[in-house]
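[1] My questions concern the predicted model and sequence given below.
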Amino acid sequence: MSNTVLVTGGSGFIGSWVLRDLVQHGHRAVVVDVAPAHQRWQRIIGEQARELIWAEAKLTDREALRAVIEQHGVTHIIHLAALLTPQCQQDPWRGCEINVLGSTSVFDAARVSGRVKSISYASSYAVYGPESADNNDGPNRPPMFYGAFKQAVDLITEQYWRHSGIASVAVRPHVVYGPERDQGLTAGPSLACKAAVCGDSYTVGYTGRVGYDYVEDVARAFVRSVFECPPGATVADLPGEQASTEEFVRAIEAVVPSAAGRLHVDGPAIPANIPPQPNYISNLFPDWVPTSLSEGVRKTVDFYR
């Protein structure tokens, strides 16, 4: 009998690839989000998008989520719904409501239902402050509200394990790239891939050296984590291939030589957010093999072609 997985934020970039992974492996997927993304699902998932189950529920409404869990026989939850960094900075109150209260609502609905086996959810390298690279013993201080909210949720999920026995895995990607990434400052490299294929010019609006995680790897991390979840509140850092923005652009030009001279880099440096004591996902899954940056760029370009 297949598992039934509730995916919050399933209309988003990562959520759509998570849904693709689930349905391709024969699992039932129930989606909660602000609106369905039929066209995106069709592009990413294809005909199997018809198998998705849409559920009407507000993220911060614990009782509505509990009703969805019970109505559809949900066995696992992948929680992705959140506001991104710019939105949290512009409206911290709303950011806290969605990212912190919404996450608490998901975990508490699971607690009240008593039927959810495990949860994987989106944390972020944004929990790591810029001092992490030089201070192995000091605390991590997120530089933005988004990272602070994510860190708060990580602490809250530990309490749900401690007091309610709800096992979870926090998946922490750095910069996620790939087909259909179109929101947020760090969507730039993905949009540059699309521009290269379309013959357009594009400027990636940030500089700096960060880790890049290909979206199919990230989706696989959430799905494996929810089904192979160990006891406790586990954190899994994704490895992220380190590259500068300029190196990413050169990787695109290697796949699309005609893009040379049309792709540019300009903007502020974003923090590297290096974890002082990483717990890489390979510690959880010893067979983990990430997609290389060059291969991920090639896959992204092929998608748009």
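    That came in fine, so what should we check first? Remember, it's a predicted structure, so these values are computed and weren't measured experimentally. Numbers count the residues shown, from 1 in each chain.

[2] element containing the nearest residue to Leu59 once chain neighbours are set aside?
    Closest residue in space to Leu59, ignoring its immediate chain neighbours: Gly102 at 4.0 Å, by C-beta to C-beta, 6 or more residues apart in numbering. Using the backbone N, CA and C atoms, a C-beta is placed for each residue, glycine as well. Taking DSSP states H and E as the definition, Gly102 sits inside helix 102-113.

[3] helices and strands around the following helix or strand past that helix, which ones?
    Downstream of helix 102-113, the next assigned helix or strand under DSSP H and E is strand 118-122. With contacts taken as 3 or more C-beta pairs under 8 Å, 6 or more residues apart in numbering; DSSP states H and E, strand 118-122 sits against strand 76-79, helix 102-113, helix 145-164, strand 168-172, helix 215-227.

[4] Direction included, what does strand 118-122 pair up with?
    strand 76-79 (parallel), strand 168-172 (parallel) (DSSP bridges).

[5] Dump it to CSV, restricted to CA.
    Extracted in CSV, the C-alpha atoms of strand 118-122 (Å, rounded to 0.1, in the frame of the first residue of the first chain):
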residue,chain,number,x,y,z
SER,A,118,7.5,11.5,10.3
ILE,A,119,8.1,14.9,8.9
SER,A,120,10.8,16.4,6.7
TYR,A,121,10.8,20.2,6.4
ALA,A,122,12.8,23.0,4.9
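
[6] Mind listing residues that contact that strand?
    The contact list for strand 118-122 (C-beta atoms under 8 Å, 6 or more residues apart in numbering) reads 9, 14, 76-80, 82, 103, 106-107, 110, 150, 153, 157, 166-171, 173, 221-223, 225-227, 229.

[7] 7 Å - rerun?
    The contact list for strand 118-122 (C-beta atoms under 7 Å, 6 or more residues apart in numbering) reads 76-80, 82, 103, 107, 110, 166-171, 222, 225-226, 229.

[8] Neighbours of the nearest residue to Val31 once chain neighbours are set aside, how many?
    Nearest residue to Val31 in three dimensions, chain neighbours excluded: Gly10, at 3.6 Å (C-beta to C-beta, 6+ apart). Number of residues near Gly10 (other C-beta atoms under 10 Å) recorded here: 28.

[9] Distance check, the nearest residue to Arg111 once chain neighbours are set aside against Ala233.
    Spatially, and ignoring its direct neighbours in sequence, Arg111 is nearest to Ser164 (4.7 Å; C-beta to C-beta, 6+ apart). Distance, Ser164 to Ala233, by C-beta to C-beta, to the nearest Å: 11 Å.

[10] quick one, phi psi at Val210?
    Val210 adopts backbone torsions of phi -140, psi 170, taken as degrees, to the nearest 10.

[11] What is the neighbour count of Asn191?
    Slight slip there: residue 191 is Leu, not Asn. By other C-beta under 10 Å, 18 other residues sit near Leu191.

[12] Would you check that it makes contact with Tyr202?
    Yes. Here Leu191 lies in contact with Tyr202, judged by C-beta atoms under 7 Å, at a distance of 6.1 Å.

[13] so where is the stretch 1-150 of the chain shaky, pLDDT-wise?
    1, 130-140 (pLDDT under 70).

[14] just to revisit the earlier point, now for the strands paired with strand 118-122, which one comes closest to Pro257?
    strand 168-172 (34.7 Å; C-beta to C-beta).

[15] could you measure the spatially closest residue to Ala196 that is not a sequence neighbour against Arg250, distance?
    With sequence-adjacent residues excluded and distances taken as C-beta to C-beta, 6+ apart, Ala196 is closest to Ala259, at 3.7 Å. Per C-beta to C-beta, Ala259 is found 10 Å from Arg250.

[16] out of the two, which sits in the busier spot?
    Remark: of Ala259 and Arg250, Ala259 carries more neighbours, 23 against 14, as counted by other C-beta under 10 Å.

[17] Can you give me the pLDDT of that one?
    Reading off the confidence values, Ala259 has pLDDT 97.

[18] got the contact list for it?
    Applying C-beta under 7 Å, 6+ apart, one finds that Ala259 lies in contact with Ala196, Ile252, Glu253.

[19] which one among those residues gets closest to Arg141?
    Arg141 lies nearest to Ile252 out of those, by C-beta to C-beta, at 33.9 Å.

[20] Am I right that the closest one sits in a helix?
    Yes. Ile252: assigned to a helix according to DSSP: H, G, I helix; E, B strand; the rest coil.

[21] can you tell me which residues contact the closest residue to it other than its chain neighbours?
    Spatial nearest neighbour of Ile252, chain neighbours left out: Ala196 (5.1 Å); criterion: C-beta to C-beta, 6+ apart. Ala196 makes contact with Ile252, Val256, Ala259, Leu263, Val301 under the criterion C-beta under 7 Å, 6+ apart.

[22] Let me know the secondary structure of the closest residue to Ile98 other than its chain neighbours.
    Once flanking residues are discounted, Ile98 sits nearest to Leu83: 5.0 Å by C-beta to C-beta, 6+ apart. Three-state assignment for Leu83 (three-state DSSP): coil.
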